[in-house]
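Novice: Turn this into a model:
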Amino acid sequence: MSWYEAIAFCRWLEEKLKLGVALPTEAQWERAARHTDGRKYPWGNSNNEVPRRCNILETGIGHTSAVGIFPDGAAKCGAMDMAGNVWEWCRTQHRKDYRDYERQEEDTLEGISARVLRGGGWPLNADFARCACRYGCSPDAWYWGIGFRVVASPSFSEL
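Specialist: Prediction:
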């Protein structure tokens, strides 16, 4: 799924639910995955039994999986599958590093710049399941290993 298709779905769902619906910014995604303690993985800092906690190469499933089948991999906030399964589009334009990130962060929908992908994916090893793992990709790219999650709010201005 391309970033543009994910944005179109958010707009459709927003109209259907009469709620603000959007892709998360990279900061929102990271806060959900990492909590406030800066954890290494959504479930904490332990890299023991990573394949038991998320869909990655070592799990051996070999394709995407239904969200929620790895309850031991839940993030502190309750979000499931923040590691592995699919790379997830974020609203934020990709920057190569975090230097001066707060001043450079760009979350608008305009432009054709690469967008941030977070979360790793099923064909990748455990290193890609870390919360810090990130990637950038053209918004018109379409790959079988890319998906998305949404954030929703009664008021779009809160997103």
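
Novice: what's the closest non-adjacent residue to Cys54?
Specialist: Gly84 (3.3 Å; C-beta to C-beta, 6 or more residues apart in numbering). Backbone N, C-alpha and C define where each C-beta goes, glycine included.

Novice: Quick one: neighbours of the one you found, just the number.
Specialist: 31 (other C-beta atoms under 10 Å).

Novice: do the same with the one 10 residues further on
Specialist: Residues near His94, counting by other C-beta under 10 Å, number 18.

Novice: can you pull the pLDDT of it?
Specialist: Reading off the confidence values, His94 has pLDDT 91.

Novice: now swap in Asn85 and tell me
Specialist: 96.

Novice: Same question for Ser65.
Specialist: For Ser65, the model assigns a pLDDT of 96.

Novice: Next up, the contacts around it.
Specialist: Asn55, Asn85, Trp122 (C-beta atoms under 8 Å, 6 or more residues apart in numbering).

Novice: separation between the last one and Val50?
Specialist: Yep, that's Trp122 we're talking about. Per C-beta to C-beta, to the nearest Å, Trp122 is found 13 Å from Val50.

Novice: Mind listing the shared neighbours of these two?
Specialist: Joint contacts of Trp122 and Val50 (C-beta under 8 Å, 6+ apart) are Ile56.

Novice: what's stretch 111-121 in contact with?
Specialist: Contacts for stretch 111-121 (C-beta under 8 Å, 6+ apart): 3, 26, 29-30, 33, 54, 56, 81-94, 106, 128-130, 133-140, 145-146.

Novice: can I get the CA coordinates of it in PDB?
Specialist: Extracted C-alpha coordinates of stretch 111-121, given in PDB (Å, rounded to 0.1, in the frame of the first residue of the first chain):
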ATOM      1  CA  GLY A 111       4.900  17.600  -1.200                       C
ATOM      2  CA  ILE A 112       6.400  14.500  -2.800                       C
ATOM      3  CA  SER A 113       9.200  13.900  -0.200                       C
ATOM      4  CA  ALA A 114      10.000  10.500   1.100                       C
ATOM      5  CA  ARG A 115       7.800   9.500   4.200                       C
ATOM      6  CA  VAL A 116       8.800   7.700   7.300                       C
ATOM      7  CA  LEU A 117       8.200   4.000   7.800                       C
ATOM      8  CA  ARG A 118       8.400   2.500  11.300                       C
ATOM      9  CA  GLY A 119       8.000  -0.900  12.800                       C
ATOM     10  CA  GLY A 120      10.100  -3.300  10.600                       C
ATOM     11  CA  GLY A 121       8.400  -6.200   8.900                       C
END
